[in-house]
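Undergrad: Structure, please.
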Amino acid sequence: HVQLVESGGGSVQVGGSLTLSCVASGDTIGRYCMGWFRQIPDREREGVARLDAYGSATYTDSVKGRFTISRDNAGGTLSLQLNSLDLEDTAMYYCVRHSGWGLGTILYWGQGTQVTVS
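TA: Now for the predicted structure:
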């Protein structure tokens, strides 16, 4: 049974930084595309970044140059470095695991970690 547990969210001022972490248990993450989504209440979840099994990263336009996704396969951890945060980054952030090495069906979601920028 795969579990994804996020941490690292919190409250930060505009321009600040946070590092989100996602620890995966139940299976190795190195063979899969992993990513981060975010959601603001009453709005659809938005894909923020993903990292395929070959190390290729993709970002939504609004976070390019500010966020960096990375993984530690040995440790089973996916990270998201958030820099130059602004008010529009306030959201619940979710870690996800896709079904295969690249973009595909999302099979697993974490419970989320809240990021609040003020």
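Undergrad: Could you double-check that residue 89 lies in contact with residue 60?
TA: No. Counting by Cβ atoms under 8 Å, residue 89 does not reach residue 60; the two are 11.3 Å apart. All C-beta atoms are positioned from the backbone trio N, CA, C, and that covers glycine.
Undergrad: Looking at these two, which one has more neighbours?
TA: For residue 89 versus residue 60, neighbours defined as other Cβ atoms under 10 Å are more numerous around residue 89 (22 against 15).
Undergrad: do you know how far that one is from residue 11?
TA: Counting by Cβ to Cβ, to the nearest Å, the separation of residue 89 from residue 11 is 12 Å.
Undergrad: again with residue 27
TA: Computed with Cβ to Cβ, the distance linking residue 27 and residue 11 is 33 Å.
Undergrad: again with residue 118
TA: 7 Å.
Undergrad: So what pairs up with the most centrally placed residue in the chain in the strands?
TA: Compute the mean C-alpha point of the chain, and by Cα atoms, centre = their mean the closest residue is residue 36, 2.6 Å away. Taking DSSP bridges, one obtains residue 49, residue 95 as the residues bridged to residue 36.
Undergrad: give the contact list for it.
TA: 20, 22, 47-50, 69, 78, 80, 93-96 (Cβ atoms under 8 Å, 6 or more residues apart in numbering).
Undergrad: Sounds good, over and out.
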